[in-house]
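**Q** For reference, the sequence and a predicted model appear below.
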Amino acid sequence: MALKIDTDVGRFRQIVRGKVRDELRRFMSRGEMLGRKGKNIVSIPLPRIQTPRFVHSPGGQQHVGQGEGEEGSILGPAGQQGDGQGKAGNLPGEHILEVELSIEELAELLGEELQLPRIQPRGKKNVESYSGRYTGIAHAGPESLRHFKRTFRRALQRQIAAGIYDPNNPIIIPIREDKRYRTFETSPQPQANAVIIYVMDVSGSMGDEQKEIVRIASFWIDTWLSSQYRGLETVFVIHDAQAREVDRDTFFRTRESGGTVISSSYHLVQKIIQDRFPPEDWNLYLFQFSDGDNWSQGDTESCVKLLSDTLLDELNLFAYGQVESPYGSGQYLHDLEKPFGEDERVVLTVIEGKEGIPDAIRSFLSTGR
Amino acid sequence: MTLPRALAELQMEVEAVATRYGLDTFPVIFEMVDYAQMNQLAAYTGFPVRYPHWRWGMEFEQLDKSYEYGLHKIYEMVINNDPTYAYLLEGNSFLDHKLVMAHVYGHADFFKHNVFFSNTNRQMIDAMANHATRVRRYRDQHGIDKIERFLDDCLAIEDLIDPNAAFEQQYGLGRIEEEDTDPIVVKRLKAKDYMDSFINPPDYIERRRAELERQRQQQRGFPARPQRDILGFLLKHAPLENWEQDVLDIIRKESYYFLPQRKTKIMNEGWASYWHTTILTRDLLDDSEIIDFADHHSGTTAVQPGRLNPYKLGLELFRDIEFRWNTGRFGAEWRDCDDMAQRANWMRDTGLGREKIFEVRRVHSDLSFIDEFLTPEFCHQHKLFTFARDPRREAWVLASRQFEEIKRTLLFQLTNAGTPIIEVVDGNYRNRAELLLVHHHEGVELRLDWAQEALAAICRIWRRPVYLETIVGRKPRRLGYDGSQHSEEEIKAVASAKEQ
């Protein structure tokens, strides 16, 4: 149903994306676009814009709290700007709202938010397996799955209602009607094997901001594909004039300064595929990020040839994301557009800054391949 | 949507009990809404319609997302209006509705009887809708960007109203300046009638009169007395276009409307919580509901470690007051008794508790409520403490359990609803139509970068340079903004109110 407030929401989103009222974005609170917390939890801060007004500076103030403790004992770490910790009741805390989610939920949200289709796996060794999750409550079930708290609460309610509960002698005895059991739902888990190969240009023209974008984009891609395949493998390749395979950490940290020969990376990718991931058994994804600067037109031509002759036939999807950079020419995208613009195995996108990431991910993954 | 029959009957039941306890409200109308509508209402601060602005959208997204992720759910919302509107969330359990209704009757009674609300506009739903229509019209005439920029500037200073004006009749502008009405008489030289027009030429007399007028104006200062109602001052004296004036007036009216709610948050929530527990546990719960009730109630009054929950503080204070006035723990005899054992077992059968809390809800605001009724015993019993940031250890550290400290901190936070006190002292500063503001430093400095932005916002409304005297880094400073640049000058001392 359409709500009156939709206009205001639309306006807010435009401001957040920097389409209008650019001057307001200075006041936007945003931390990491997402932070990884613990093993399986991520937090997503929601953007807020606060119009500045006359306020007391947060540092010097005392607050009132309630609870145990001695004078001088530590209550908690001081966050940046007194992150809402214990602000006296009626003052709204000044903080970024963070939502903590498990990776699984996150992938689900991502799928919904970006309206991603579920992927049709290919490969000959697809084995469907089932996994269960405890999601519901039922009146009957095995004793080993009894939900103690719920059972206890039902029993307590019943005894009070029946007037046989004695607060001085609080003995609760559940009877059969009180008992509650956990139930589980099974969901099919595609057993297909998949490998994502990330290729990033780390030549001198790729700055920290560009790498940050690649990092965030590949995190989301990772998240989505892991939710679709069990046993997802990732391979990281970086290249300047030469290509080499690296681990995840190096992938995001390295900054080289050489020139750019893209074909070097394709050769390496091909070798990796041949040696370790035969296309008959694996779903292969190649994500390449670059600022679109190649060393020579001749190298670009050999790249196109490599792609059309061998690589594309082996891949489920070849996605090329061009990150905008002040130094890059962006020519490579145009060079790919001509031969592959219509090819459905190929997705070409320009990522315009951090805010462009969701759009890029949507176009990468909306093919459902 | 009209209420289903079961709920309509429930409302009658709740209302009957509330009335029996002495609660008295305007007619209360409950509306059933789904969660999207509820979030919209909450984003609009409870009203069905507000003027177009992005920040409602921001609030809505926030509420909508956090509802979706299961972080929160809005249980009740109620508007100070006659009739009093309140909302029920579709899909809540019957018990939830019962609890919300009882809670709402507490708020509604508070709105009607607390003295700080006595001058609020009770037709605010209509007023808000009118405001929305007007702003929308300006938007269509002048374009969204222009209107929104001006709104943003107004919102940067929406807190700058006179918090003591609650009792003014509709806080009209009359109070801002009392005109000096004695006519100015120019002294005339003595002259025969037929010479008078030569000795006292009329154009000289007129010039002289104007000069005296100006002198008086200067002496009196402009404004005559420092002015807390900066929105009102700008409204009256800033060179605004008609639509700007109207928008500023809208912001100011709404700000005054919400002022009493900012001033009585602890009491208002405490009062409503007191009544929902009383009505439900004494009258309306059936046995099977008691556990779920306890579960939900403890949710609303839960204390997170190191935090203060206004619901809980207000509720416990009301209970404490009731207990004290029931057992005679008030007055000179109680105050002067310092025998601890005797105090602990003090029991006089005064039975004035109920009566007292009704009186308290009528005449107090949070500030005087805490000032008058927070006792050392209460702080001890509820384990209150103060805490502050320790920069060396980079942590929040429990600072004190002294009653005086706790009370002082709470009162500071409640003074001016926790916002800095800022006044206009000169609207013709340096005789150049510049604006001088003064911050009354109460031990805490302003957040500097924001103060500069807010100054810039005022400058855009005033259209001449604007200055603010305050303390920066423990030294008196005059911050300024002239439309393009920020300045910061050293000064000897922050100007205090000009004495006349």
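**A** On my side now, so go ahead.
**Q** Against B:K65, how distant is the closest residue to chain B within the stretch 201-350 of chain A?
**A** Going by CB to the nearest CB, chain B is nearest to A:T223 of the stretch 201-350 of chain A, at 16.0 Å. Backbone N, C-alpha and C define where each C-beta goes, glycine included. Applying CB to CB, to the nearest Å, the value for A:T223 to B:K65 is 18 Å.
**Q** Who has more neighbours out of those two?
**A** Taking neighbours as other CB atoms under 10 Å in any protein chain shown, A:T223 and B:K65 compare with A:T223 leading, 19 against 16.
**Q** Phi, psi for the more buried one please.
**A** phi -60, psi -50 (degrees, to the nearest 10).
**Q** What of B:A493?
**A** Dihedral angles for B:A493 - degrees, to the nearest 10 - are phi -150, psi 160.
**Q** Okay, and the closest residue in space to it that isn't next to it in sequence sits in which element?
**A** Nearest residue to B:A493, sequence neighbours excluded (CB to CB, 6 or more residues apart in numbering or on different chains): B:P476, at 5.4 Å. B:P476 belongs to strand B:475-481 when assigned by DSSP states H and E.
**Q** List the strands paired with that strand, with their directions.
**A** Looking at strand B:475-481 with DSSP bridges, its partner strands are strand B:466-472 (antiparallel), strand B:486-490 (antiparallel).
**Q** With respect to burial, which of those strands scores highest?
**A** Mean neighbour count (mean count of other CB atoms under 10 Å in any protein chain shown) peaks for strand B:466-472 among the strands paired with strand B:475-481, with a mean of 22.
**Q** In the sheet, which residues pair with A:E233? Tell me.
**A** In this entry, A:E233 is beta-bridged to A:V195, by DSSP bridges.
**Q** Now do it against A:L225, distance only.
**A** Separation of A:E233 from A:L225 (CB to CB): 10 Å.
**Q** what do the two both touch?
**A** With contacts taken as CB atoms under 8 Å, 6 or more residues apart in numbering or on different chains, A:E233 and A:L225 have A:194, A:196 as neighbours in common.
**Q** These two - which one has more neighbours?
**A** Per other CB under 10 Å, whichever of A:E233 and A:L225 has more neighbours is A:L225, with 21 against 13.
**Q** where's that one, which helix or strand?
**A** Assigned by DSSP H and E, A:L225 belongs to helix A:208-228.
**Q** same for that helix, what does it pack against?
**A** Here helix A:208-228 touches helix A:103-113, strand A:194-201, strand A:232-239, helix A:248-253, strand A:283-290, strand A:317-323, helix A:357-365, going by 3 or more CB pairs under 8 Å, 6 or more residues apart in numbering or on different chains; DSSP states H and E.
**Q** give me that answer again for 7 Å
**A** Using 3 or more CB pairs under 7 Å, 6 or more residues apart in numbering or on different chains; DSSP states H and E, the elements in contact with helix A:208-228 are helix A:103-113, strand A:194-201, strand A:232-239, strand A:283-290, strand A:317-323, helix A:357-365.
**Q** closest one to B:Q40 among the ones you listed?
**A** Set against B:Q40 and scored by CB to CB, these come closest in helix A:103-113, at 20.4 Å.
**Q** Buried ones in the longest strand along chain B, by neighbour count?
**A** Secondary structure assigned by DSSP state E gives strand B:421-429 as the longest strand of chain B. For strand B:421-429, the neighbour count (16 or more other CB atoms under 10 Å in any protein chain shown) marks B:422-429 as buried.
**Q** from those residues, which two are the most distant?
**A** B:I422 and B:N428 (18.3 Å).
**Q** Near chain B, which residues of the stretch 151-300 of chain A? Just list them.
**A** Within the stretch 151-300 of chain A, the positions near chain B by CB under 7 Å from any CB of the partner chain are A:153, A:156-157, A:160-161.
**Q** Just the buried residues from those, in PyMOL please.
**A** Remark: buried members of those, expressed as a PyMOL selection using 16+ other CB under 10 Å:
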select buried, chain A and resi 153+156+157+160
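**Q** Keeping just the C-alphas, turn stretch B:77-91 into CSV.
**A** The C-alpha coordinates for stretch B:77-91 follow below in CSV (Å, rounded to 0.1, in the frame of the first residue of the first chain):
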residue,chain,number,x,y,z
MET,B,77,1.4,6.2,20.5
VAL,B,78,-0.9,8.9,21.7
ILE,B,79,-1.4,12.5,20.6
ASN,B,80,-2.2,15.4,22.9
ASN,B,81,-5.3,16.6,21.2
ASP,B,82,-9.0,16.9,21.9
PRO,B,83,-10.2,14.3,21.2
THR,B,84,-7.1,12.3,22.2
TYR,B,85,-6.0,10.0,19.4
ALA,B,86,-4.2,6.8,20.1
TYR,B,87,-3.1,3.9,18.0
LEU,B,88,-3.3,0.1,18.4
LEU,B,89,-1.0,-2.2,16.4
GLU,B,90,-2.8,-4.7,14.3
GLY,B,91,-1.8,-8.3,15.1
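**Q** Quick one: residues in contact with it.
**A** If you take CB atoms under 7 Å, 6 or more residues apart in numbering or on different chains as the criterion, stretch B:77-91 is touched by B:25-35, B:38, B:41-42, B:46-47, B:74, B:76, B:97, B:100, B:104, B:107-108, B:111, B:117, B:120, B:122-125.
**Q** from those, which ones fall inside strands?
**A** Judged by DSSP E, strands contain the following of the contacts of stretch B:77-91: B:28-33.
**Q** wait, what's in contact with the residue located most distally from the centre of chain B?
**A** Note on chain B: the largest C-alpha distance from the chain mean falls to B:Y194, namely 65.2 Å (CA atoms, centre = their mean). Counting by CB under 7 Å, 6+ apart, B:Y194 touches no other residue.
**Q** what's the pLDDT at it?
**A** You'll see B:Y194 listed with a pLDDT of 85.
**Q** ok, B:V363 touching B:N114?
**A** No - taking contacts as CB atoms under 7 Å, B:V363 lies outside contact range of B:N114: 8.1 Å.
**Q** Looking at these two now, which is surrounded by more residues?
**A** Per other CB under 10 Å, whichever of B:V363 and B:N114 has more neighbours is B:N114, with 23 against 13.
**Q** Now do the phi/psi pair for the more buried one.
**A** When read as degrees, to the nearest 10, the backbone of B:N114 gives phi -70, psi 130.
**Q** And it, how far from chain A?
**A** Separation of B:N114 from chain A (CB to the nearest CB, to the nearest Å): 16 Å.
**Q** same question, B:R207
**A** 43 Å.
**Q** Enumerate every residue touching that residue.
**A** Counting by CB under 7 Å, 6+ apart, B:R207 has no contacts.
**Q** Wasn't it part of a strand?
**A** No - counting by DSSP: H, G, I helix; E, B strand; the rest coil, B:R207 is located in no strand; its state is helix.
**Q** number of nearby residues for residue 262?
**A** Answering for chain A, as no chain was given. By the criterion of other CB under 10 Å, A:I262 has 25 neighbours.
**Q** Wait, chain B was what I had in mind.
**A** So B:R262, with other CB under 10 Å, has 19 neighbours.
**Q** hang on, it in a strand?
**A** No - B:R262: not assigned to a strand; according to three-state DSSP it is helix.
**Q** Would you check that it makes contact with B:A417?
**A** Yes - counting by CB under 7 Å, B:R262 touches B:A417, with 4.3 Å between them.
**Q** For chain A, name the helix or strand with the lowest mean pLDDT.
**A** Across the helices and strands of chain A, mean confidence by mean pLDDT, DSSP states H and E is lowest for strand A:35-37: a mean of 47.
**Q** wait, chain B
**A** For chain B, counting by mean pLDDT, DSSP H and E, that's helix B:202-220 with a mean of 79.
**Q** for that one, the distance to its chain's centre please.
**A** The gap between where helix B:202-220 is centred and where its chain is centred comes out at 42 Å by CA atoms, centre = their mean, to the nearest Å.
**Q** Compute the inter-axis angle for it and strand B:421-429.
**A** Calculated by axes from the mean of the first three to the mean of the last three CA atoms, to 10 degrees, helix B:202-220 forms an angle of 160 degrees with strand B:421-429.
**Q** Perfect, I'm done here.
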